[in-house]
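> fold the following, please.
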Amino acid sequence: MKITLLLVGKTTEEYLNTGIAVYVKRIVHYLPFEIIELTVLKLKGKPTPAQQKEVEADIILKHLIKSDRIVLLDEKGKENNSAAFADFLNQQMNASIKNLFFVVGGPYGFSERIYSKAHSTISLSKMTFSHQLVRLVFAEQLYRALTILKNEPYHHE
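Model (predicted):
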């Protein structure tokens, strides 16, 4: 199974890029992993959040095909602890999912078109994180889940 983290916008803070790179290097020892940062052009004038979400949806959907498993990282999603997230990943692997996409939307979240395509939604916390920080938190949690599945000593109960 290949995992892709699909992101609206760029990671501009170098300390976050450094941290993300550490976890990407670790993750690829377990399975194929890719981060795709989507550039979204700003609409002219003062677009509404709904208009911005629709523009982002168009760009997100260009990267997905029907057979992809789509998981949204969303504040309204299901909260898991690290072990439950590892179980979720294991279920996806056992279901022979070829491509698992985790998607981080823009500052206003996702359009209804994206919600309707998603197979599930996950929340990383009840707290709100910046979209850039979510990337690092997710990468660490993905690595943690993979070490749990391999019974490696990174995660402590």
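> got a list of what the most centrally placed residue in the chain touches?
By CA atoms, centre = their mean, the chain has its centre lying nearest to Phe102, at 3.2 Å. By CB atoms under 8 Å, 6 or more residues apart in numbering, the residues touching Phe102 are 3-6, 71-73, 122, 138. For every residue, glycine as well, the C-beta is placed using N, CA and C.
> repeat that with 6 Å
Contact analysis of Phe102 by CB atoms under 6 Å, 6 or more residues apart in numbering lists 5, 71, 73.
> quick check: it vs Asn90, distance?
Distance, Phe102 to Asn90, by CB to CB, to the nearest Å: 15 Å.
> quickly note the distance from Tyr30 to Phe85.
Distance from Tyr30 to Phe85, by CB to CB: 14 Å.
> counting neighbours, go ahead and name the busier of those two.
Phe85 (20 against 17; other CB atoms under 10 Å).
> and the gap between that one and His155?
In terms of CB to CB, Phe85 sits 11 Å off from His155.
> ok, Ile122 next?
From Ile122 to His155 the distance is 18 Å (CB to CB).
> show me which of these two is the more surrounded one.
Comparing Ile122 with His155 by other CB under 10 Å, the one with more neighbours is Ile122, at 19 against 15.
> can you pull out the strands in the chain?
Counting by DSSP state E, the chain has strands at residues 2-8, 33-38, 69-79, 99-104, 120-123.
> mind giving me the packing neighbours of the shortest one?
Using 3 or more CB pairs under 6 Å, 6 or more residues apart in numbering; DSSP states H and E as the contact criterion, the secondary-structure elements in contact with strand 120-123 are strand 69-79.
> so which bits of the strand it packs on are buried?
By neighbour count with 16 or more other CB atoms under 10 Å, strand 69-79 contains the buried residues 69-74.
> ok, stretch 83-103 next?
For stretch 83-103, a neighbour-count test (16+ other CB under 10 Å) marks 85-86, 88-89, 92, 97, 99-103 as buried.
> ends of that stretch, how far apart?
For stretch 83-103, the first-to-last residue distance is 21 Å (CA to CA, to the nearest Å).
> so for it, what's the average pLDDT?
Mean pLDDT, stretch 83-103: 96.
> which other residues reach the longest helix seen in the chain?
With secondary structure taken from DSSP state H, the chain has its longest helix at helix 131-149. Outside helix 131-149, the residues that touch it by CB under 6 Å, 6+ apart are 11, 13, 16, 19-20, 23, 26-27, 30, 82, 85-86, 89-90, 104, 124, 154-155.
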